[in-house]
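# quick one: sequence and predicted model below, then my questions.
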Amino acid sequence: MKLQSRETNRIQLRHSSRTRSTSSSSSSSTSNNAIEATKSIIPQNEASSPVEIASIEKFLDNIMKEKPIRFTPQQLTEFTNNYSIQLGSGGFGIAYRGSFPNGVPIAVKVLHKALNKRAEEQFMAEVATIGRTYHIHLVRLYGFCFDPTVKALVYEFMENGSLDYYLFSDNLRIEWATLYEIAIGTAKGIRYLHEECEQRIIHYDIKPGNVLLDKNFSPKVADFGLAKLCNRDVTHVTNTGGRGTPGYAAPEMWMPLPVTHKCDVYSFGMLLFEILGRRRNLNLGGNESQEWFPRWVWDKYENGELGSLALVCRIEQEGREKAERMSKLGLWCVQYKPEGRPSMGKVVRMLEGEEEIMAPPNPFEYMDLYAKELASSTGTMTTTSTISRGSTTSTKSIQV
Ligand SMILES: Nc1ncnc2c1ncn2[C@@H]1O[C@H](COP(=O)(O)OP(=O)(O)OP(=O)(O)O)[C@@H](O)[C@H]1O
Ligand SMILES: [Mg+2]
């Protein structure tokens with residue numbers, strides 16, 4: 001069954017790369033756009049020499065093989081109109097808006113100039129992995145620039161930016177039904193990385209800032225910068241150094257424990273809670289019982305009060321069943337032990353209502369145990385919400 005779906009993907013991929021699509025699917029049109037873009041990047045005239053024709057053929061061939069195009073720093077300066085529009089910045093560089101000469105919009109992510117070894121490794125990993133992956137819920141990498149002066153990645157442009165803007169802003173809102181579809185699409189993108197690529201890809205940094213939205217608010221997972229290819233046969237990837245973002249990173253990411261693809265399931269669970277609450281999971285200074293939202297969801301679930309949770313989250317009656325499903329699934333995804341978390345394939349089925357969601361065990365039990373241990377060894381009680389923040393420690397201690 002899985003083999004069949006993988007093969008279907010490849011067939012669709014070949015189809016979308018080689019034919020001018022008449023379908024409205026955004027993924028096939030971007031592929032064709034890239035071909036058109038490349039045609040106009042390479043100077044063409046009627047008296048082209050055999051050498052020029054050969055190089056055009058090679059470029060088009062590369063696109064068909066899903067190989068990203070290599071651009072020069074001069075081309076990137078032109079595409080971005082001298083880097084005039086900044087989209088935002090992240091841990092490894094600044095993203096700019098731009099367009100190919102034929103008008104196809106792009107996002108150019110320029111990595112910080114003083115590349116340390118880790119950032120350079122990330123760059124190479126990203127080019128190699130994204131260039132070979134293609135799915136309707138993954139951001140497409142068109143090309144890259146690797147030059148002593150400029151290291152950059154050229155992506156398809158996502159008109160509606162990243163999900164965090166909509167979840168955490170008072171002005172921008174997405175209705176609940178669309179948010180639920182965004183959760184499903186994101187889960188499918190991660191499922192593809194985990195289960196349908198030739199080699200499993202672990203993302204390591206699933207969070208709302210890395211879920212981008214196209215003009216129809218269809219989600220695409222971005223930034224495989226932290227992704228490492230790992231063979232299916234290898235069950236564990238050794239974790240060297242901290243990865244991911246605090247608050248979303250699974251416990252094994254910041255503890256000396258083996259890290260597997262289940263770390264993405266944990267981060268996806270945290271993302272589900274943020275979609276549900278349309279707020280950051282950690283919100284110090286508000287209502288104390290709701291400071292750390294995932295814990296509050298557990299408390300509500302344990303007391304059989306998920307209905308009132310939907311009310312607080314301002315989810316209308318018709319969306320309540322989905323809200324309950326999302327709450328229970330979130331609690332499964334953030335289980336402390338990786339083996340207790342479902343696979344992304346299962347996550348998709350449960351979100352879509354195809355598979356029943358059993359009663360989740362308490363995912364935060366370890367925090368209570370940890371807090372008790374800490375209290376007995378130091379004479380202080382540590383509130384559980386602090387542990388949830390992962391590697392960032394802002395500890396609230398109460399003398400006992
Ligand atoms: N392909 C794209 N299309 C449209 N906007 C984009 C695109 N890529 C990035 N952006 C915008 O630029 C911002 C910065 O992206 P960037 O990936 O550099 O940082 P980040 O996602 O916040 O952090 P991280 O470095 O952990 O990924 C994003 O929040 C998003 O709004
Ligand atoms: Mg990002």
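Nice, thanks for sending it over. Ligands and ions are numbered 1, 2, ... in the order given.
# name the residues of this protein found near ligand 1, please.
87-93, 95, 107, 109, 139, 155, 157-158, 161-162, 205, 209-210, 212, 222-223 (C-beta under 6 Å from any ligand atom). Where you see a C-beta, it was placed from the backbone N, CA and C, and this is true even at glycine.
# so where's the protein uncertain?
Residues of the chain meeting the criterion pLDDT under 70: 1-66, 113-120, 122-123, 125-126, 224-243, 288, 378-400.
# nearest to ligand 2: which residue in it?
The nearest approach of the chain to ligand 2 comes at D223, 4.0 Å away (C-beta to the ion).
# what is the burial count for the nearest residue to that residue once chain neighbours are set aside?
Of all residues not flanking D223 in the chain, N210 sits nearest, at 4.7 Å (C-beta to C-beta, 6 or more residues apart in numbering). A count of nearby residues for N210, using other C-beta atoms under 10 Å, gives 25.
# next one: Q86
12.
# for it, give me its contacts.
I94, A95, Y96, R97 (C-beta atoms under 8 Å, 6 or more residues apart in numbering).
# give me the beta-bridge partners of it?
Q86 forms beta bridges with Y96, as assigned by DSSP bridges.
# look up how far C263 lies from it.
Relative to C263, Q86 is positioned 31 Å away (criterion: C-beta to C-beta, to the nearest Å).
# then L141?
23 Å.
# kindly report the residues of the chain close to ligand 2.
G90, N210, D223 (C-beta under 5 Å from the ion).
# hmm, the second one is touching V221, no?
Yes. With the criterion set as C-beta atoms under 8 Å, N210 and V221 qualify as a contacting pair; they are 6.5 Å apart.
# common neighbours of these two, please.
What both N210 and V221 touch, as defined by C-beta under 8 Å, 6+ apart, is the set H203.
# assign Y142 to helix, strand or coil.
The three-state label given to Y142 by DSSP: H, G, I helix; E, B strand; the rest coil is strand.
# enumerate every residue touching the residue nearest to E195 when sequence neighbours are not counted.
Distances taken as C-beta to C-beta, 6+ apart place G345 nearest to E195, at 5.5 Å, with adjacent residues excluded. Applying C-beta under 8 Å, 6+ apart, we find G345 in contact with R191, H194, E195.
# distance of T260 from W332?
From T260 to W332 the distance is 16 Å (C-beta to C-beta).
# and for S343?
11 Å.
# these two: who's more crowded?
When S343 and W332 are compared for neighbours, W332 comes out ahead with 22 against 14, by other C-beta under 10 Å.
# phi, psi for that one please.
Dihedral pair for W332: phi -70, psi -40, per degrees, to the nearest 10.
# mind giving me the packing neighbours of the helix or strand where F273 lies?
Assigning secondary structure by DSSP states H and E places F273 in helix 262-277. Applying 3 or more C-beta pairs under 8 Å, 6 or more residues apart in numbering; DSSP states H and E, one finds that helix 262-277 makes contact with helix 163-168, helix 176-191, helix 251-254, helix 293-302, helix 320-333, helix 344-351.
# tally of neighbours for the closest residue to T77 other than its chain neighbours?
Leaving aside its chain neighbours, T77 sits nearest to Y83 (7.2 Å; criterion: C-beta to C-beta, 6+ apart). A count of nearby residues for Y83, using other C-beta under 10 Å, gives 15.
# surely Y83 is in a strand?
No. The assignment for Y83 (three-state DSSP) gives coil, which keeps it out of a strand.
# wait, it sits on R97?
No. Between Y83 and R97 there is no contact under C-beta under 8 Å: 9.4 Å.
# which residues do these two both contact?
V108.
# ramachandran angles for the closest residue to M270 other than its chain neighbours?
Nearest residue to M270, sequence neighbours excluded (C-beta to C-beta, 6+ apart): Y248, at 4.8 Å. With angles defined as degrees, to the nearest 10, Y248 sits at phi -110, psi -20.
# tell me, how many residues neighbour the spatially closest residue to K322 that is not a sequence neighbour?
In space, and not counting its chain neighbours, K322 is closest to Y180: 5.3 Å by C-beta to C-beta, 6+ apart. Counted by other C-beta under 10 Å, the residues lying close to Y180 total 20.
# show the contacting residues for Y180.
Counted by C-beta under 8 Å, 6+ apart, Y180 has contacts I275, G319, K322, M326, L351.
# also L329?
Taking C-beta under 8 Å, 6+ apart as the definition, contacts of L329 comprise G269, L272, P342, V347, M350, L351, I357.
# picking that back up, how about the contacts of Y180, which pair is most distant?
G319 and L351 (13.5 Å; C-beta to C-beta).
# more neighbours, those two?
L351 (22 against 18).
# assess the claim that that one and G185 are in contact.
No. With contacts counted by C-beta under 8 Å, L351 stays clear of G185, the gap being 10.0 Å.
# that's a strand at T149, yeah?
No. Counting by three-state DSSP, T149 is located in no strand; its state is coil.
# how deep is it tucked in, by neighbour count?
7.
# how far away is it from ligand 1?
19 Å (C-beta to the nearest ligand atom, to the nearest Å).
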